[in-house]
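K.L.:
any chance you could fold what I've pasted below:
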Amino acid sequence: MKFKIDTKEKMHVITVEETVLTANMTEDFQNTVLSYLSAPIKNLVIDMGRIEEIDETFATALCNIQQSFYEKNNSLVYCKFQKSIKEYLDKLELLELLNETNTESEAWDIVQMEEIEREYL
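P.N.:
Prediction:
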């Protein structure tokens, strides 16, 4: 699987450079993303803007990965889902479970707000 990774002060931005996400790509994606739980900077924004098609197994894994981050008090936000992908995730009743935004800027804002919340709690 192809990714572009950009490191910011409090987060990494991972851009998925594939257009189709299939079940056989799930494990590679999970391993890559979950490896950031042991990195010094643990918060992630994942840019899904290039995705045109997603398999149900992969879609379900997105929720599981996000849950893993929140269990460890880290943030994970998906951004830039295309309308067709949002509709598919909604049909699977997964969209409402995902922390997702329309833009990368909004995703950064969520990560920063969650960082502040964790500091106060």
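K.L.:
which ones are touching M113?
P.N.:
Not one residue lies near M113 by C-beta atoms under 8 Å, 6 or more residues apart in numbering. No exception for glycine: its C-beta is placed from N, CA and C like everyone else's.
K.L.:
check the one 4 residues further on too.
P.N.:
Contact criterion C-beta under 8 Å, 6+ apart gives no residues in contact with E117.
K.L.:
from I85, how far out is it?
P.N.:
According to C-beta to C-beta, to the nearest Å, E117 and I85 sit 28 Å apart.
K.L.:
could you do E56 as well?
P.N.:
Distance from E56 to I85, by C-beta to C-beta: 12 Å.
K.L.:
higher neighbour count, the two?
P.N.:
Regarding E56 and I85, a neighbour count based on other C-beta atoms under 10 Å identifies I85 as having more, with 21 against 13.
K.L.:
helix, strand, or coil at the more buried one?
P.N.:
Classification of I85 using DSSP: H, G, I helix; E, B strand; the rest coil returns helix.
K.L.:
ranges for the helices of the protein?
P.N.:
Taking DSSP state H as the test, the helices found in the chain are 26-34, 56-71, 83-91, 104-120.
K.L.:
now the second one: average pLDDT?
P.N.:
Per-residue confidence for helix 56-71 averages out to 96 on the pLDDT scale.
K.L.:
mind listing what's buried along that helix?
P.N.:
Within helix 56-71, the residues that count as buried by 16 or more other C-beta atoms under 10 Å are F58, A59, T60, A61, L62, C63, I65, Q66, F69.
K.L.:
so how many other residues sit close to V16?
P.N.:
Other residues close to V16 by other C-beta under 10 Å number 22.
K.L.:
actually K42, sorry about that
P.N.:
K42: 17 surrounding residues under other C-beta under 10 Å.
K.L.:
the one 4 residues further on too?
P.N.:
The burial metric for I46, expressed as a neighbour count using other C-beta under 10 Å, is 23.
K.L.:
beta-bridge partners for it, please?
P.N.:
Under DSSP bridges, the beta-bridge partners of I46 are I14, Y78.
K.L.:
wait, it touches L76, no?
P.N.:
Yes: between I46 and L76 a contact is recorded at 7.0 Å, counting by C-beta atoms under 8 Å.
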